[in-house]
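S.K.: return atomic coordinates for the entry below.
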Amino acid sequence: MQFKKVNGFKPRLIKAKGAYKLPTYKTTGDDSFLFGLIGGIRNAGKSNTTLVLIENEKDIMLSGDAKVYFVSPTVDAKVKGFAEKYPDNFFIYDELNRNNLTEIFDDMKTRIDEWIELKEVIDIYHRFEKGEPLMPFEEELLVVYNFLDGFDFASFNHDHPPTNTLIIDDSMSSPMLSSPQSKDGKWFVKFACKHRHYPYMTNLIFLTQHIKQISRVLRVNCNLVVVFPFRDASIYHSVFQEYSTLFKNKIDNFLALMENIEARNNHSHATIYYDKKRFVRVGWDEEVRFDDPKPTGLAVAPL
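M.R.: Here you go, the predicted model:
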């Protein structure tokens, strides 16, 4: 392969006026919203590793006005205990249906709209403090907000609206997730395509015992995939096809990794992330490299 520069064109990043400064997640080292799929057999540890992820990112997901919405018909004691620990930020819904999701979406939009309006008032107030001229409607806004008398500026997040996280567990029978051509499926896919934008600005995470029951139109948009050991090796092949470049395009690398994880027998999982940052890990913190010239191409920590 040969390359030759043919003109003076230089790639550059186009700056977005008014864009929010989003927080960087400790887990990924990236500021992208999560679109995650966490798959494993019953009792593999899916809900536990999800709660570990959320608590590790509690500064973003469980603080201030941030909210986590956990939708599941089979909530276990760990999740209920988590809701009791974070009563202002963690909320449980017992069924995936339009009514519950509409309530969640409306709550997301209301909170984000309130933040946007308050941020506008704060910006107007700072201009007022500097003696800058204001438009009549801006003066009216300051009056409505009583010129922010007594407002706690220090606790307000000036960088971005409150972060949302929607987790959907044990709901793969729903056509929203499995039938993208159905009425409910199209409705949900429309939301999923906009999940990181206004009016949602939400992380979206699925927990499932059957990865292939999640429609492909949703799976291919995931930037985070967590895979616990499965008995059905065809699941590994499905995941590999969508993230093959992270495994040097060798299925043997992925299969060797899953064999290693299963041998540990300690609820470990493969973590695949593909966005502005890209990596493969065991669990959330053990990086895996595929640079060994041996046939497996796998370099992992010894058992």
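S.K.: kindly spell out which helices and strands sit in contact with the helix or strand Met258 falls within.
M.R.: Secondary structure assigned from DSSP states H and E places Met258 in helix 251-264. On a contact count with 3 or more Cβ pairs under 8 Å, 6 or more residues apart in numbering; DSSP states H and E, helix 251-264 meets helix 233-243, strand 270-274, strand 278-282. For glycine as for every other residue, the C-beta is placed from the backbone atoms N, C-alpha and C.
S.K.: what angle sits between that helix and strand 278-282?
M.R.: In terms of direction (axes from the mean of the first three to the mean of the last three Cα atoms, to 10 degrees), helix 251-264 departs from strand 278-282 by 30 degrees.
S.K.: skipping adjacent residues, who's closest to the residue most central in space within the chain in space?
M.R.: By Cα atoms, centre = their mean, the mean C-alpha position of the chain lies nearest to Leu34, the distance being 1.9 Å. Using Cβ to Cβ, 6 or more residues apart in numbering and skipping residues adjacent in sequence, the residue nearest Leu34 is Asn203, 4.1 Å away.
S.K.: tell me what that neighbour is bridged to.
M.R.: Beta-bridge pairing for Asn203 (DSSP bridges): Thr165.
S.K.: was I right about it contacting Asn164?
M.R.: Yes - counting by Cβ atoms under 8 Å, Asn203 touches Asn164, with 7.0 Å between them.
S.K.: tally of neighbours for the residue nearest to Leu34?
M.R.: 25 (other Cβ atoms under 10 Å).
S.K.: quick one: it from Ile168, how far?
M.R.: Going from Asn203 to Ile168 by Cβ to Cβ, to the nearest Å gives 11 Å.
S.K.: all strands for the protein, in order.
M.R.: 35-39, 67-71, 90-93, 164-169, 202-208, 224-227, 270-274, 278-282, 286-287 (DSSP state E).
S.K.: same list (those) but as CSV, adding mean pLDDT and distance to Gln241.
M.R.: Listed next are those as CSV, based on pLDDT from 0 to 100; distance: least, Cβ to Cβ, whole Å:
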stretch, mean pLDDT, distance to Gln241
strand 35-39, 97, 14
strand 67-71, 98, 28
strand 90-93, 98, 33
strand 164-169, 98, 23
strand 202-208, 97, 18
strand 224-227, 97, 12
strand 270-274, 98, 12
strand 278-282, 97, 15
strand 286-287, 96, 23
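S.K.: per-residue confidence averaged over stretch 106-113?
M.R.: On average, the pLDDT along stretch 106-113 is 97.
S.K.: show residues contacting that stretch.
M.R.: Asp65, Lys67, Pro161, Pro162, Asn164, Tyr198, Pro199, Tyr200, Met201, Thr202 (Cβ atoms under 8 Å, 6 or more residues apart in numbering).
S.K.: just the buried ones from these, in PyMOL syntax?
M.R.: Buried residues among these (16 or more other Cβ atoms under 10 Å), as a PyMOL selection:
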select buried, resi 65+67+161+162+164+199+200+201+202
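S.K.: pull the longest helix from the chain.
M.R.: Criterion DSSP state H: the longest helix present in the chain is helix 98-129.
S.K.: in that one, which residues are buried?
M.R.: 101, 104-105, 108, 111-112, 115, 119, 121-122, 124-125, 128.
S.K.: and the angle from it to strand 164-169?
M.R.: 170 degrees.
S.K.: the chain should start at 14 in everything you say after this.
M.R.: Okay, residue one is now 14; in that scheme the one you just asked about reads as helix 111-142.
S.K.: could you give the angle of helix 111-142 to strand 215-221?
M.R.: Using the same axes, to 10 degrees, helix 111-142 lies at 160 degrees relative to strand 215-221.
S.K.: got the contact list for the closest residue in space to Lys34 that isn't next to it in sequence?
M.R.: Sequence neighbours aside, Asp172 is the residue nearest to Lys34 in space, at 4.3 Å (criterion: Cβ to Cβ, 6+ apart). For Asp172, the contacting residues are Tyr33, Lys34, Leu35, Pro36, by Cβ under 8 Å, 6+ apart.
S.K.: could you redo the last one with a cut-off of 10 Å?
M.R.: By Cβ atoms under 10 Å, 6 or more residues apart in numbering, the contact set of Asp172 is Tyr33, Lys34, Leu35, Pro36, Lys132.
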